[in-house]
Structures are given as C-alpha cells and as structure tokens.
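Colleague: fold the following.
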Amino acid sequence: MNKILFLITLCFCNQLSANDLLGLPPVPVPDDNPQTTEKIELGQLLFNDQRLSGDGTINCASCHQPDKAFTDGLPVARGIRKQEGTRNSPTVVNSAFYSSFFHDGRAGSLEEQALGPFLNPIEHGLENENKIIDLVKQDANYVEKFKQAFGISKAGIQIGHIAKAIASYERTIINGNSLFDQYFYARNRSVLSESTARGSRIFRRKGNCSNCHEMNWKNALFTDHNFYNIGVGFGKIEPVLDKVLSKLRKGVHPDELNLTDVQRSELGRFSVTKVIADIGKFKTPGLRNIALTGPYMHDGSLETLEEVIEYYDKGGDDNRFKDSAIFPLKLTEQEKKDLVAFLRSLTSSVYLKADVTSSGLDNN
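Modeller: Coordinates of the predicted model:
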C-alpha cells in the first residue's frame with residue numbers, strides 16, 4: 001500500500017478526533033443503525049470486495065478511491081466490462097451529512113444509496129439482491145463478521161444488514177480540518193496566503209458561491225442540499241426538449257420517453273420528482289477536497305478548477321430552465337486566481353500530511 005493510501009486509510013479506521021471535525025457539525029447517526037466497531041469493519045470489507053460484482057472486477061472503491069478523496073479521477077463512472085455510465089462519481093467524503101444521494105437525489109439515506117450501484121447493470125452488474133446475499137453467505141469469514149456486527153446467524157443475513165454495514169463505514173469517511181478551517185474556525189490567520197484569504201471573501205461575496213455552497217460561523221458543508229439547473233450538459237437534451245415537453249403534458253409517463261441513456265441522464269432531478277421545472281437540475285455538491293476530485297460537474301465535462309470558475313463567471317450555459325441564481329460574475333483575472341486558491345485551501349489535513357503534491361495544493 002502506498003504512503004498516501006496508508007495514511008488516509010489509517011485515518012478512517014481510527015476514531016475521529018476533534019481536529020478531524022474542525023469546521024464540521026456533529027456526525028448524524030440514525031437511531032436504527034448506531035455505529036459500532038464491528039459494523040464499521042464489516043462495511044469496509046464489503047466496500048472493498050470485488051466479488052460483489054457481476055464479473056469480479058468492481059468494488060465500491062473502484063469509483064471511490066481513498067487517495068483521490070474517494071472519487072476515481074474519471075469523467076464518468078466505469079463499471080464491469082469497462083462500461084461507462086453517464087455521470088461523474090461523487091465523493092463519499094462527508095456523505096454522512098447529506099440528506100439525499102446521487103446527483104439527482106434519488107436516494108434518501110446512506111443505507112439506500114449503498115445498494116444502488118450493486119444492481120446497476122453498468123456498475124456492479126449483479127442481477128438482484130439475492131445474488132448479493134448468496135455471495136456473502138458463501139464466505140465463512142463474512143458469516144462470522146455478520147454475527148459479530150448484528151448478532152445474527154448465516155440464515156438471518158438480509159440485504160438490509162449489508163446496507164447498514166456499508167453505510168456505517170461510510171459514516172467514518174469524514175474530512176474537516178483544512179487550512180481554511182484553521183483560518184476561519186480556529187482563527188489562525190497566518191495559515192492562508194493573501195491571495196487565498198482574498199479568495200475566501202470573493203467566495204462569500206462577489207462570487208456568489210456561498211449562495212448554494214453554504215457555510216456559517218460554526219461550520220461549513222459547502223452545500224445547501226438543493227438542486228439547480230446551471231446549464232451543464234443541457235445541450236445534450238435541448239434538441240429533443242420540445243418533443244419531450246409535449247409528450248409529458250399529454251400525460252406520457254417519463255419512462256416511455258424515447259431518449260438515449262445520456263439524454264435521460266440530463267433530465268436530472270426531474271427523473272425523481274416528475275416535476276417539469278426540475279428538468280436539468282442537479283444537487284449542489286460539497287466542496288471539501290475539491291482540488292482532488294476532478295473532473296467536475298455531474299457529467300465530468302470540466303477538467304480543472306480554472307475551467308469551473310470560468311464557467312460560473314460567464315453565467316453558465318443559457319437554457320429555458322436555468323436557475324436565476326446563475327448569472328455573469330464579471331470577475332477579474334486576479335479574482336479568478338484568488339478564488340481557485342481558496343478552493344485549494346479546502347483540502348483536509350489528512351491529504352496534506354500524505355504529501356499529496358501532484359494536485360497543486362499550493363496556496364501561493
């Protein structure tokens with residue numbers, strides 16, 4: 001195991017310290033799935049088990065790699081038989097704080113989210129939930145681990161136990177304590193360069209970023225948990241949009257629309273709510289470790305933070321559903337550089353300690 005992966009894994013396998021949580025609220029845990037060491041260890045095993053896929057090549061960590069801040073560095077997710085999906089793999093880091101999951105928010109809990117990729121034909125590609133249970137029951141070590149975690153026998157293992165174990169592990173993947181947190185919440189004004197400090201103010205004021213990537217005086221998740229159409233990818237559905245809207249208004253069910261997988265993906269939040277105004281809306285992502293999680297946007301279409309800033313500065317791509325919160329910012333070249341410097345300051349200390357130098361985490 002390389003140095004980066006070892007240090008990061010070590011952090012997540014041990015109890016979180018107060019420093020790890022600097023800049024974050026308390027970690028919420030559901031009453032029906034309390035955290036235990038046994039469950040967390042079991043969840044980590046499941047998260048990293050390639051046998052839980054149709055061809056034995058894919059595990060959760062394939063798309064959520066610790067040394068990439070639990071992303072994969074690819075524009076869109078890649079699953080069994082090297083098939084490509086239509087959306088970028090979101091980070092698992094700090095997902096414990098979220099109220100909805102996936103880019104369109106179709107899952108309402110970590111437990112629900114944990115099972116989705118297993119049955120996706122492009123990702124893990126398993127036929128059904130029974131296939132997952134059978135694979136687990138065939139392993140004597142798993143049977144013992146489930147007994148320790150849930151007090152159940154081999155016959156008692158159900159899909160819900162698998163989901164709870166993975167979710168318990170994911171709730172330990174928490175990153176706070178970035179240079180910005182030390183500057184803003186620990187009041188250590190010496191840790192940021194002048195450019196980065198200016199960028200933090202642009203983020204909260206002229207840049208209008210904190211309108212959606214929320215923060216307050218106590219903590220910052222850098223998301224409002226809401227959904228917006230900012231124009232990214234909308235050109236893929238625009239040519240057929242009039243026909244789509246006409247059919248929907250005539251009562252045609254969304255599943256009966258004659259769309260490609262890519263076009264259907266660009267419907268965004270609409271696929272969940274069936275509300276026409278939600279077409280093209282996607283969830284506001286958190287920004288912690290953003291320097292490590294490119295490429296960006298739900299379709300992975302922007303490679304660098306500089307491109308992201310340019311996109312927002314021009315006011316996104318216009319379309320009939322674009323949110324009013326997206327408009328031209330008229331940033332100067334120096335303000336753009338300052339804003340990028342600020343975003344790089346959101347990298348958590350665990351990655352800085354691991355000497356992650358290739359990502360350009362320089363605040364000068």
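Colleague: give me the outermost residue of this protein relative to its centroid.
Modeller: The outermost residue of the chain relative to its centre, with distances by Cα atoms, centre = their mean, is Lys250 at 35.5 Å.
Colleague: please name the residues that touch that one.
Modeller: If a contact means Cβ atoms under 8 Å, 6 or more residues apart in numbering, then Lys250 has no contacts. Any C-beta I mention is one placed from the backbone N, CA and C, and that applies to glycine too.
Colleague: separation between it and Lys322?
Modeller: When distance is defined by Cβ to Cβ, to the nearest Å, Lys250 is 25 Å away from Lys322.
Colleague: next: Gly233.
Modeller: 12 Å.
Colleague: between the two, who's got more neighbours?
Modeller: Gly233 (25 against 19; other Cβ atoms under 10 Å).
Colleague: how about the more buried one, what does it touch?
Modeller: Neighbour list for Gly233: 265-266, 280, 297-299, 301 [criterion: Cβ under 8 Å, 6+ apart].
Colleague: would you confirm that Arg51 contacts Val136?
Modeller: No - contact criterion Cβ atoms under 8 Å: Arg51 and Val136 do not qualify, at 9.1 Å.
Colleague: the two: which has the busier surroundings?
Modeller: Set Arg51 next to Val136 and count neighbours by other Cβ under 10 Å: Val136 wins out with 25 against 14.
Colleague: and the more buried one, which of the three is it?
Modeller: State at Val136, reduced to three classes by DSSP: H, G, I helix; E, B strand; the rest coil: helix.
Colleague: thinking it is in contact with Tyr142, fair?
Modeller: Yes - counting by Cβ under 8 Å, Val136 does reach Tyr142; the two are 4.8 Å apart.
Colleague: got the domain ranges for the protein?
Modeller: 28-170, 176-364 (automatic domain parsing).
Colleague: so what's Ile326 closest to, chain neighbours aside?
Modeller: Once flanking residues are discounted, Ile326 sits nearest to Gly316: 4.4 Å by Cβ to Cβ, 6 or more residues apart in numbering.
Colleague: read off the pLDDT value for the one you found.
Modeller: Confidence at Gly316, expressed as pLDDT, is 97.
Colleague: number of residues surrounding it?
Modeller: For Gly316, the tally of surrounding residues (other Cβ under 10 Å) stands at 20.
Colleague: same thing with Asn19?
Modeller: Residues lying near Asn19 (other Cβ under 10 Å) number 13.
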